[in-house]
Structure formats: C-alpha cells, structure tokens
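Engineer: what follows is a predicted protein model with its sequence.
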Amino acid sequence: MKKIVHITPTLYEGGAERLVSDLLSELSLNYSNKYVIYLMLFYDLDDSMFLSKSLHNDIKIITLGKKRGFDFKLIFKLFKVLYKLKPNIVNTHVGSFNYVFLLSFLLKKCNFFHTLHNDAYIECPNKYIRFVRKWIYKFKLVHPITISKNSSLSYKKVYGLDNDTLIYNGRKKIIKSDIFEKINAEFSKYRINEKTKIYINVASIGYLKNQIKLVKAFKEVLKENNNIVLLLIGGVREGNEKTLEEIKKNVSDNIHYLGVKPNVEDYLLLSNFFILPSVIEGMPISIIEAMSAGCIPLCSPVGGIPNMINHHKNGLLSKGYEIEDIYDLIKKSLSLKETKINEIVKQAMETYHKNYSIEICAKKYIRIYQTYTQGI
C-alpha cells in the first residue's frame, strides 16, 4: 500500500482546513484499496478542532505537539516521523510549508506538493522566503497546486514559473445535521415574519473578512427595510479581538453574532443569502458550501471569487468592499424577483456539482499525484 500524508498546522474551522478534512475523508473512503491516508497536525487535537469529528475513521492522525511561535525543533520532529513513515506523497498546506520544504532536499524518495490557498504574494510576503521557494518550485523539489485561475496567475507572476497545477477547491455536499430541526426552531426567533430575508456571513472575524463594514452597511439598509436579518458565524483569531468588540456593539434584533458553530450547514440551508464582502480572498470554501446549500452568494470581487461567481447568474458581485458597495449589493439582492432568485439558486447548485464537489476535487488530486510519481 502506498502512503499519502497531508500536513497542516491545525484543524480549526477555516477554508484550508475544511478542504483538508473533506479531501482526506474522500480519499480514505474511495481510494483505501490503493493508499493509506495520514493527516499530520503541528498542534495536538483539542475540543475546539471541530473538523476532526468529520474525518473518515480510517485516516491515521499524527500530532507533533508544536510550541507557540516558531519552533525550530519541529523540523527535526517532522524529519524523524517522515523518515520512519516513508510516504510516497507529502502535501503541505498553509504555514506548514515553511517547516517542511527543507526536507524535500533530504527525503529524495518522497514526492512533495504544496497547495497555495491564497494569492501567491499574500501567502508568502517575505521576499527572501519567496526567493527560496522559487528555486524549490523551479527544480521540482515541491510541486505547486493552485486553487483558482487568479491563484494560478498570481503564482506565475510572483515566481515567474508556469509549472503549477490548478485544482479547484472541493466540498462535500451540504446536508442537514442531526440537530437541523432545533436550528430551524431557532430561526423562528430571528424571523420577523414569513417574508423576512436572512443574510449569513460565515468567516473568521477580522479586518480581511470586513465584518465591521458589513454591519455598518446592513444598518443603513435597515433604515429603509427592517424585514431583514444578519447572522455572523465565526471565531476570532488572535489579533482581531477589537473587530469582534466592534461587532458586538452593533448587535440588535436584526443583527446577531452567533460565534463558532460546528453545524454551519444548517444555518446555510435556512438562510436566503450568504454575504462575504472580503478585502482579500483565495477561493473561499464557504462560497462552495453556500452554493451547495442553495444559499445565494453575495460577494466582493477579490481573489478567486470572480472565477467562481458569474454576476446575476449564480450569485451577485459588488463593485468593491467599501460600505457603499456592500449597501448596494444588499439592495440589489432585495430587488430580485422570486423567479430570478429561483434561477440563481438553480445555477449556483449546478455550478457546485459541475466544478466544486469533493469527488471531482479528489480525483484531480489523485491524478496529479500519479502523474508526478509515475502511477504509484
């Protein structure tokens, strides 16, 4: 049996982490006759890592007990574990690359891949590290995987190379959880009447996700239409506490901050519009979730989002991410006729099945692994 190892620092709720969770579960479920699937985490599992509960039972999890901040000893731990395991494939995600890339020089029989979950410059802003990465990519010590057309273009621009493999992010189809009826009852408290439109923002709380401007824009729309409700779901990462404080100051009967929810799927299934006015994005898993759930995405045109959303076809795009842009976006969504809403929902769900299902994503990952390893 061949061995595939995916490495990511944590399994806290996030787009990259969600992809890893779904992708490994799909690989384990449908390719276990050929591959043994491993997930390596820098930090030990804790109760807040909800995604660990969704992993397929056959996935083998390895934790490395990393210390906070840069942990030089982690490089030696990684080498020791990978040397002993002797995997055929190692695929890194987000910050794990900085600890693993040196091992590509040492573990010659192992094929290394790295998935870029954002614009290449944003993912690696340090010019010296980018210089090192360029040569690692150029000499195929690590094979780059990009997640959108914009992600691919940014890779080519930043590194001056044309050797990335484009694989769109994938997500399992959204279905009701075991507590769906409980959440449905909860929604009856949010709705003012049967015509109330529910807007939902699912994202980590912070400047880049732009929730403060979203809330301010929503309050402006409320002055003209008070039959709308905004739900914000997401945790706050270190350094973004002030953003959360500002959001909480604006909580009202029409604006609710719900914190972290392990069953986001229920909230998407019960909402009318998914709104994400981010300043910077890669290719958000949350948009794929919204499309799968039939919740119309309303987004800013940043990162890979314009590659995903065809304006007025499978969602709506704003002109930008300022308060007035978000205000206009919400107003446009409220002006949609019911027939147009049904049409957009249908197109969104078709887009999901055609491009972003986890089954399609997993097949493409296996294909690229086989290409670079001559059919392992």
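Structural biologist: Great, that's in hand. Numbering: from 1, shown residues only.
Engineer: what about residue 33, neighbour count?
Structural biologist: 6 (other C-beta atoms under 10 Å). The C-beta positions use only the backbone N, C-alpha and C, and glycine is treated the same way.
Engineer: nope, residue 81 is what I was after
Structural biologist: For residue 81, using other C-beta under 10 Å, the count is 16.
Engineer: could you list the residues in contact with stretch 304-314?
Structural biologist: 147-151, 276, 278, 281-284, 287-288, 291, 297, 299, 315-317, 344, 347-348, 350-351, 356 (C-beta atoms under 8 Å, 6 or more residues apart in numbering).
Engineer: show me which residues of that stretch are buried.
Structural biologist: Neighbour counts over stretch 304-314 (16 or more other C-beta atoms under 10 Å) mark 304-309, 314 as buried.
Engineer: next, give me the two most distant ones among those residues.
Structural biologist: The most widely separated members of the buried residues of stretch 304-314, counting by C-beta to C-beta, are 304 and 314 (14.4 Å).
Engineer: picking that back up, in helices, which of the buried residues of stretch 304-314 fall?
Structural biologist: 305-308 (DSSP state H).
Engineer: wait, which of the residues you listed is closest to residue 268?
Structural biologist: Taking these together and measuring to residue 268 by C-beta to C-beta, the closest member is residue 308, at 15.8 Å.
Engineer: state the distance from that closest one to residue 13.
Structural biologist: 20 Å (C-beta to C-beta, to the nearest Å).
Engineer: make TSV from the ones in helices among the buried residues of stretch 304-314 and add pLDDT and distance to residue 1 to it.
Structural biologist: Shown next, in TSV, are those (pLDDT from 0 to 100; distance: C-beta to C-beta, whole Å):
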residue	pLDDT	distance to residue 1
305	94	39
306	93	41
307	91	36
308	94	36
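Engineer: how about a markdown table for these, with distance to residue 190 added?
Structural biologist: Putting those into a markdown table (distance: C-beta to C-beta, whole Å) gives the following:
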| residue | distance to residue 190 |
| --- | --- |
| 305 | 27 |
| 306 | 31 |
| 307 | 32 |
| 308 | 27 |
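Engineer: span of stretch 278-286 from start to end?
Structural biologist: With C-alpha to C-alpha, to the nearest Å as the measure, stretch 278-286 spans 12 Å from end to end.
Engineer: what are the boundaries of the helices in the stretch 51-200 of the chain?
Structural biologist: Using DSSP state H, counting those that start in this stretch, the helices found in the stretch 51-200 of the chain span residues 73-85, 97-100, 120-123, 127-138, 149-159, 180-190.
Engineer: what's the fifth one in contact with?
Structural biologist: Same thing as helix 149-159. Contact with helix 149-159 is made by 116, 118-121, 124, 130, 133-134, 137-138, 144, 146, 161-162, 164, 166, 282-283, 303-304, 306-307, as judged by C-beta under 8 Å, 6+ apart.
Engineer: repeat that for 6 Å
Structural biologist: Helix 149-159 is contacted from outside by 116, 119-121, 134, 137, 146, 162, 164, 166, 303-304, 307, using C-beta atoms under 6 Å, 6 or more residues apart in numbering.
Engineer: show me which positions of that helix end up buried.
Structural biologist: By 16+ other C-beta under 10 Å, the buried positions in helix 149-159 come out as 150-155, 158-159.
Engineer: please apply the same query to the fourth one.
Structural biologist: Residues 133, 136-137 are the ones in helix 127-138 that count as buried (16+ other C-beta under 10 Å).
Engineer: what's the answer for the last one, then?
Structural biologist: Taking 16+ other C-beta under 10 Å as the basis for neighbour counts, the residues of helix 180-190 that come out buried are 183, 187, 190.
Engineer: counting neighbours, what do you get for the nearest residue to the second one once chain neighbours are set aside?
Structural biologist: Spatially, and ignoring its direct neighbours in sequence, residue 187 is nearest to residue 270 (5.0 Å; C-beta to C-beta, 6 or more residues apart in numbering). Counted with other C-beta under 10 Å, the burial measure for residue 270 works out to 21 neighbours.
Engineer: next SSE downstream of the helix or strand harbouring residue 288?
Structural biologist: Residue 288 is part of helix 285-293, with elements assigned from DSSP states H and E. As assigned by DSSP H and E, the chain's next helix or strand after helix 285-293 is strand 296-299.
Engineer: neighbouring strands for that following strand, and are they parallel or not?
Structural biologist: Strand pairing for strand 296-299, determined by DSSP bridges: strand 273-276 (parallel), strand 316-317 (parallel).
Engineer: same list, those strands, but as a markdown table with distance to residue 101 please.
Structural biologist: Listed next are these as a markdown table, based on distance: least, C-beta to C-beta, whole Å:
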| stretch | distance to residue 101 |
| --- | --- |
| strand 273-276 | 31 |
| strand 316-317 | 36 |
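Engineer: right, and those strands - which one's nearest residue 209?
Structural biologist: Per C-beta to C-beta, nearest to residue 209 of the strands paired with strand 296-299: strand 273-276, 7.5 Å.
Engineer: what does the closest one rub up against?
Structural biologist: Residues outside strand 273-276 that contact it (C-beta under 6 Å, 6+ apart): 199-201, 290, 295-299, 333.
Engineer: residues of stretch 44-56 that come out buried?
Structural biologist: 49-52, 55-56.
Engineer: what's the lowest-pLDDT member of those?
Structural biologist: Across those, the bottom pLDDT score, 69, is held by residue 50.
Engineer: could you pull up phi and psi at residue 209?
Structural biologist: phi -90, psi -10 (degrees, to the nearest 10).
Engineer: separation between it and residue 306?
Structural biologist: For residue 209, the distance to residue 306 (C-beta to C-beta) stands at 18 Å.
Engineer: and if you look at residue 352?
Structural biologist: Applying C-beta to C-beta to residue 352 and residue 306 gives a distance of 17 Å.
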